[in-house]
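S.K.: how would this look folded up:
(one chain, ligands or ions: 1)
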Amino acid sequence: MKQTPMAEPRIQTSTAASTGLHVCPACGSDLVQPISWSPAALSSWQVDLRCPDCEWSGRAIAPQDEVDDYDVALDEGARLLNQALVTATTPAFDTELHRLLSRAGRPQGESRLPSQRR
Ligand SMILES: [Zn+2]
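M.R.: Purely as a prediction, here's the structure:
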């Protein structure tokens, strides 16, 4: 049986003209996540990356300013994800809270938790 060698991570040497580390070179998704990063030579970073959409993985050597831009993109992605989570769960939580309070016989105006009252 012939064994196939494990795929080596692709080396993607980034430049300022690239689309950014958050963009997948295989499918174009803008959800590429860092797996790990470590300092490299000359004010640059070696970043292992993974795309959750197509399972592409690779390694980039990127200068500090591109890594800073990536960090900003990751923070913005986390903010949008958190916002979507709050948007998706708040109505369901409110509905469930009102249902439980009405079952407990409390009027809906009393639906705020004691710690939320001012
Ligand atoms: Zn991809």
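
S.K.: how much space between Arg79 and the ion?
M.R.: 22 Å (C-beta to the ion, to the nearest Å). All C-beta spots, glycine's among them, are computed from the backbone N, C-alpha and C.

S.K.: and that residue, which of the three is it?
M.R.: State at Arg79, reduced to three classes by DSSP: H, G, I helix; E, B strand; the rest coil: helix.

S.K.: So what's the predicted local confidence for it?
M.R.: At Arg79, the predicted lDDT confidence score is 94.

S.K.: Start the count at 13 instead of 1 going forward.
M.R.: Got it, first residue is 13 now, which makes that one Arg91.

S.K.: Just give the number of residues close to it.
M.R.: Other residues near Arg91 come to 10 when the count uses other C-beta atoms under 10 Å.

S.K.: now do Trp68
M.R.: Neighbour count for Trp68, taken as other C-beta under 10 Å: 17.
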